[in-house]
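Q: got a predicted model here, sequence first, then my questions.
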Amino acid sequence: MGWFLVTVALPVLAPMISLICMKAFPLAIPSAQLALVSVVRNGQLCWAAIGFCTSALYELAEPCPPSARVNAIFQGYLNGGMTLLLVLASLFAACGAVLPHTDGYASGVPRRGHNRVLLASLGITSLSAIGFALIPLGALASSDFWRLI
């Protein structure tokens, strides 16, 4: 459980935790910029997803011990899926950095349209965290795992 908290939960929650800590200091920043959603609105969660994907791809490339029975088909699908998520996360993170969302809502755009990048980055980060967590937890090396599903 400690591994999961340090390698998955902490990179996702660190920006929000630091923002809460920043509220204690007397900063000349408008309160709208210190809102929790402002930290992840522009796809910043995808930076954590990039780390999850690259770590998962590195783990997949490591040779397994001879005693581990690796499900090669699943490993191939996971490798392709993590590569696709890495490309998507890179695009969302780069576009969020270049085209940041402004405070407030633009006229003519529905309110739910302003949160599409946020929802996409949440989905990409969740999928990459799940894929990354499957590898060290032994899902690839255990054939019994697949009988349970």
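A: Nice, thanks for sending it over.

Q: what segments of the protein are helices?
A: 2-4, 10-22, 36-40, 45-61, 72-98, 116-134, 143-148 (DSSP state H).

Q: quick one: contacts for residue 93?
A: Shown in contact with residue 93 (Cβ atoms under 8 Å, 6 or more residues apart in numbering): 43-44, 46-47, 49-50. Every residue, glycine included, has its C-beta placed from N, CA and C.

Q: 6 Å - rerun?
A: Residue 93 sits next to 43, 46-47 when contact means Cβ atoms under 6 Å, 6 or more residues apart in numbering.

Q: quick check: which ranges of this structure have low pLDDT?
A: The model of the chain has pLDDT under 70 over residues 1, 3, 31-39, 64-71, 100-114, 136-149.

Q: repeat that with 80
A: 1-16, 18-43, 62-74, 96-115, 135-149 (pLDDT under 80).

Q: tell me, how many residues neighbour the closest residue in space to residue 115 that isn't next to it in sequence?
A: Take residue 115 and drop its neighbours on the chain: the residue closest to it by Cβ to Cβ, 6 or more residues apart in numbering is residue 41, 7.7 Å away. Neighbours of residue 41 under the rule other Cβ atoms under 10 Å: 20.

Q: okay, the helices of the chain in TSV with distance to residue 30 next?
A: TSV is the format used below for the helices of the chain (distance: least, Cβ to Cβ, whole Å):
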stretch	distance to residue 30
helix 2-4	35
helix 10-22	13
helix 36-40	10
helix 45-61	22
helix 72-98	20
helix 116-134	20
helix 143-148	49
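
Q: looking at those, which is nearest to residue 29?
A: Closest approach to residue 29 among the helices of the chain is made by helix 10-22 (8.0 Å; Cβ to Cβ).

Q: before we move on, the earlier item: shouldn't the residue nearest to residue 115 be in contact with residue 118?
A: Yes: Residue 41 lies in contact with residue 118 (Cβ atoms under 6 Å); the separation is 5.3 Å.

Q: fine, thanks again, bye for now.
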